[in-house]
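>>> Here is my input, please return the structure:
(one chain, ligands or ions: 1)
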Amino acid sequence: MLSSLARRQLRRSDLNTIWTCAKYSTAVNVKADTIALESSYTSALAEEWQAAKPFKSIPGPTKFQMVRGFMKGGDFHGMPFDTFIKLCRQRYGDIYLLPGMFGQSTNLITFNLEDYEKIFRTEGPYPVRPGNEVIFEYRLARKDGLYDEGNLGVAGNGTQWGKFRHAVNPVLMQPRNTVLYIDPTQKVNNDFIERIREIRHPTTLEVPEDFLREIKRLAFESVAVIALDKELGLVRNKNAVPEAQELFNNLQTFNASLYDLGIKPSIHRYIKTPTYKKFEKSMDTITDICRKHVEETLQRIEGRGADDGKSVLEKLVKIDRKIATIMAVDMLMFGVDPTSSIMSAVLLCIATNPEKQERLRKEILTAIGRNDAFSMENMKNLPYLRACIKESMRLYPLIFGNMRTTAMDLCLSGYQVPKGTHVFLTSNMLLKEERYFPQANEFMPERWLRTKDMDNLKITNPFVFLPFGFGPRSCVGKRIVELQLEITLANIVRNFKVEYNYPTENAFKNYFMNTCVIPLKFKFTDLK
Ligand code: HEM
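Reported below is the predicted structural model:
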């Protein structure tokens, strides 16, 4: 039975939050018709809140310690983000507070899976992921009328964000639309295979040590061909369209500055710092180039008369020209770097695990063959391929985890955490812990297969591995990138034996996102 106090605590808006969350939830089996169960869940949360310790008693560094720590000679100076987070975990435990500075919010860090479940299950229909503020500040300041309070793309929040996702989800996230990007994706990928043959050493068969640049170009081209509906030619590095390199370079600048402006303490709100100016310039260029391509697409389909649209961009333009432009920008901004990080992880894992590579090759050659085009039909049943990709994302995840602003008062790890608190959910930092993943440091794609013999390796908590996030705010490019990764890996192993004959310790460094920092001198031997 609920206490009367707990009942009073349970606000109607919280119930709505839970109800809508249940409808949208994807990662756990929360059904809309389980409202009774959910309301008892919220009631239990309200009771917990009463017994919890006050927010102020959560441990963590003081403002002074933070400022001092990040200054030259300080404990945190120049430290990668994940190392800083780990160091604080050693000092303060599995939950701690990082005080906000220079107008930024205080951030709560938690390593506790039970907290993640509470945050996600109560996030409601319009979850807020902090960190994008600098993007929407830029968008609101832009003077060409592309953006306004009601149209900030996926960088926005609340009902504006909800309307935007409602418009783009059917085009980007419905499995039946995969057919729209399978051909452009494999065309780019075949170019990549040719590029490998061009650049590898004729006798050692190794590619140059800056191969990451080629992977980045592949990732860029794979996203751009969908976002802009045009081959930009950067993978083969021949006949590239004039602004391709410019777009690529500006995306790199954008990503480098986002961490400095969005996450690290920054004074850009008070004065336009050099980093902010670079960020602003890169945003201007990316937006202008996308706008131009969307206009071209519009003219093309206007000339063709009425049809449903033959590509993602055409379908988006048919909904609304502004939405199409903004979504193209957002796909490029949010899609390119994550894809190249994970592609390098996948290649590294497969190159250093020859038996797994052999098993994968058998699956691909049986299902698809050596030269056949990839199709929806022949890609239907590739469990080992998918398991290899998941396992690579577990070993080398993209970032530390996820972020949310709490949608209601919650008791997290025994503390009262008020609605509106920014929380870092550091789930990806748990992916190498034995208690969640036995043989955690080994590449074991088998743990993701639905076979009984590997039961001891199986994942036991659905909140520990969420590479594409959770719920209505989860990655809008998930379907696109899954296909890209599958085609990339399958195409490589059916063409080459891949080896990596160098040390792989500390292969990735964390610049907010994980980036491969070792020379990727893969050896690509043609298969007979
Ligand atoms: C392997 C590569 C990728 C990974 C691991 C990844 C992961 C993620 C994650 C964890 C989020 C946050 C989700 C949440 O808050 O719950 C996200 C958001 C997003 N991703 Fe991806 N992503 C990848 C590739 C892509 C690609 C290729 C695109 C575009 C084509 C894309 C577009 C986006 C967008 C637009 C958002 C923001 C969604 C929103 O806030 O509504 N991502 N991604």
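>>> alpha carbons only for contacts and neighbour counts from here, please
Will do.
>>> Mind checking the pLDDT average for stretch 425-442?
Stretch 425-442 shows a mean pLDDT of 95.
>>> Stretch 120-127 too?
94.
>>> okay, how far is it across it, tip to tip?
End-to-end distance for stretch 120-127, by Cα to Cα, to the nearest Å: 9 Å.
>>> when you scan that stretch, is anything in it near the ligand?
No: judged by Cα under 6 Å from any ligand atom, stretch 120-127 makes no contact with the ligand; its nearest approach is 8.0 Å.
>>> Now do the same contact list for the closest residue to Leu382 other than its chain neighbours.
Excluding the flanking residues, the one nearest Leu382 by Cα to Cα, 6 or more residues apart in numbering is Glu363, at 7.0 Å. Contacts for Glu363 (Cα atoms under 8 Å, 6 or more residues apart in numbering) come out as Leu382, Tyr384, Leu385.
>>> now, which of the residues you listed sits nearest the ligand?
Leu385 (14.5 Å; Cα to the nearest ligand atom).
>>> ok but the closest one is inside a helix, no?
Yes: judged by DSSP: H, G, I helix; E, B strand; the rest coil, Leu385 forms part of a helix.
>>> ok so, going back, and the residue nearest to Leu382, that's in a strand?
No: under three-state DSSP, Glu363 sits outside any strand and is assigned helix.
>>> just to revisit the earlier point, from the contacts of Glu363, which is closest to Met66?
Leu385 (44.0 Å; Cα to Cα).
>>> ok, that closest one touching Glu486?
Yes: taking contacts as Cα atoms under 8 Å, Leu385 lies within contact range of Glu486: 6.8 Å.
>>> Of the two, which one has the most company?
Leu385 (22 against 18; other Cα atoms under 10 Å).
>>> residue contacts, the more buried one?
Leu385 neighbours (Cα under 8 Å, 6+ apart): Leu360, Glu363, Ile364, Glu486, Leu489, Ala490.
>>> Asn237 now?
Contacts of Asn237 (Cα under 8 Å, 6+ apart): none.
>>> Tell me if it really is in a helix.
No: counting by three-state DSSP, Asn237 is located in no helix; its state is coil.
>>> for the contacts of Leu385, which one is nearest Lys458?
Using Cα to Cα, the contacts of Leu385 come closest to Lys458 at Leu360, 19.7 Å.
>>> isn't there a strand covering Gly469?
No: under the criterion used here (three-state DSSP), Gly469 is coil, not part of a strand.
>>> Find the nearest non-adjacent residue to it, please.
Nearest to Gly469 is Cys475, by Cα to Cα, 6+ apart, at 6.3 Å.
>>> How about Phe248?
With Cα to Cα, 6+ apart, the residue lying closest to Phe248 is Phe220, at 7.0 Å.
>>> quick one, phi/psi of that neighbour?
phi -60, psi -50 (degrees, to the nearest 10).
>>> which residues does the residue in the stretch 101-250 of the chain that the ligand sits nearest to contact?
Distances between the stretch 101-250 of the chain and the ligand by Cα to the nearest ligand atom are smallest at Val154, namely 4.6 Å. Going by Cα under 8 Å, 6+ apart, Val154 touches Trp161, Phe164, Arg165, Met327, Asp330.
>>> which parts of the helix or strand containing Thr525 are buried?
For Thr525, the element it lies in under DSSP states H and E is strand 523-526. For strand 523-526, the buried set under the neighbour-count rule, 16 or more other Cα atoms under 10 Å, comprises Lys523, Phe524, Thr525.
>>> All good on my end, thank you.
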